[in-house]
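1. Build me a model:
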Amino acid sequence: MSRIGKMPVQVPAGVTVTIEGARVSVKGGRGELSRTFSDLVQIKKEGDELIVSRVDDSTGSNAQQGLTRTLVHNMVVGVSEGFEKKLELAGVGYRAALKGKDLDLSLGYSHPVIYAAPHDISFEVPDNTHITVKGISKEQVGQVAAEIRMKRPPEPYKGKGIHYAGEHIRRKLGKAAK
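-> Model (predicted):
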């Protein structure tokens, strides 16, 4: 049995969970998320907990049970607390600014890079070299942060580019002097 999959998901006050067959909808103070799961995994609500179990021990896998439990947990945390990813810009002239809800990036190209904010995602720019991506879906926040990072990935010689906060960039030495 999966160690992660058998742990119950605590549903905090103010969050409502609706289970209709394989479809789970979670509504909270920050928004609403819904997802359809596999028929091999059963999700039950018992009091203020959600229990994820396999329908039959001979079918399905522990990994699918653990994945389903993790996805349900992320939905509950997302609608109650939300998720965020922090990015940093490193390089001379690299800066970020908000234009309405969109992100305006100066990344050393001949033109500014405009990244349009998807639905349910918001950006914060505390200063011109830091970006915070916020939202209720952990998958979507991670995907948007990865897409922004790919506009100018960090390079190994000078460390210029966009990287996650706390990410270690392995540096190369470059040419050896004679």
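
2. what lines up beside the lowest-mean-pLDDT helix or strand in the chain in the sheet?
-> Least confident helix or strand of the chain, by mean pLDDT, DSSP states H and E, is strand 49-54 with a mean of 87. The strands that strand 49-54 pairs with in its sheet are strand 9-10 (antiparallel), strand 41-46 (antiparallel) (by DSSP bridges).

3. which residues touch the shortest one?
-> Applying CB atoms under 8 Å, 6 or more residues apart in numbering, the external contacts of strand 9-10 come out as 48-50, 52, 69, 72-73, 76. (Glycine included, C-beta is placed from N, CA and C.)

4. Show me which parts of the longest strand seen in the chain are buried, residue by residue.
-> If you go by DSSP state E, the chain has its longest strand at strand 83-90. Under the neighbour-count criterion of 16 or more other CB atoms under 10 Å, strand 83-90 has 83, 85-90 buried.

5. Check stretch 93-113 too.
-> Neighbour-count burial for stretch 93-113 flags 94, 96, 103, 105-107 (criterion: 16+ other CB under 10 Å).
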